[in-house]
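> The sequence isn't on hand, but the structure is:
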């Protein structure tokens, strides 16, 4: 039933937001013998999948799904409009490193980061930017879209560049 890139929206009519909530529900159902009904977004359609959880006596858990409920990365803020507070980052879609699928966002946040190193790309080999999220973890804004043109959102706090005061 499930395919790589499916986005789980609900189980048995209830929204699910975290991997832990999903695992807890599946483990309870696996022990109880209940076959939960999943509502899943697959590409541009919503489908329903009923599964039969299999309980593993060795691990004492229900096994079988690989689920990722969060992703973090360091990108480059390329545009900010102080009047609308809109911003754009990167110049390409963000994809899952393991599956190479476009990441469908339920929510996202922009936070300050410090770039530690940059490795330029070579023909046939992408470059890499290594950064560290700031310790204060201030949320500067929310991400609204992840698409082929980049990452877009709206700032909730002023965005400043300490290296170039007076510019944004």
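Sure, I can see it. As the structure is a prediction and not an experimental result, all values here were calculated from the model.
> Wasn't residue 20 part of a strand?
No: applying DSSP: H, G, I helix; E, B strand; the rest coil, one finds residue 20 to be helix, outside a strand.
> how much space between it and residue 26?
Distance of residue 20 to residue 26, computed by C-beta to C-beta, to the nearest Å: 11 Å. In short, each C-beta sits where N, CA and C put it, glycine included.
> And for residue 71?
For residue 71 relative to residue 26 (C-beta to C-beta), the value is 21 Å.
> okay, these two: which has more neighbours?
Between residue 71 and residue 26, residue 26 has the larger neighbour count (other C-beta atoms under 10 Å), namely 25 against 13.
> Neighbours of residue 137, how many?
9.
> Please disregard the earlier target; I meant residue 73.
13.
> Make sure it is actually in contact with residue 96.
No: judged on C-beta atoms under 8 Å, residue 73 makes no contact with residue 96 at a distance of 10.6 Å.
> check which helix or strand covers residue 162.
Following DSSP states H and E, one finds residue 162 outside all helices and strands.
> Compute the first-to-last residue distance for stretch 45-56.
End-to-end distance of stretch 45-56 (C-alpha to C-alpha, to the nearest Å): 32 Å.
> Can you list the buried residues in it?
For stretch 45-56, a neighbour-count test (16 or more other C-beta atoms under 10 Å) marks 51, 53, 55 as buried.
> Mind checking which of those land in helices?
Assigned to helices by DSSP state H, none of the buried residues of stretch 45-56 qualify.
> From the residues you listed, which land in strands?
Among those, the members found in strands (DSSP state E) are residue 55.
> can you put the buried residues of stretch 45-56 in TSV and add pLDDT and distance to residue 118?
Shown next, in TSV, are the buried residues of stretch 45-56 (pLDDT from 0 to 100; distance: C-beta to C-beta, whole Å):
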residue	pLDDT	distance to residue 118
51	82	44
53	75	45
55	70	48
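> ok, of the buried residues of stretch 45-56, which one's closest to residue 115?
Nearest to residue 115 among those is residue 51, at 42.9 Å by C-beta to C-beta.
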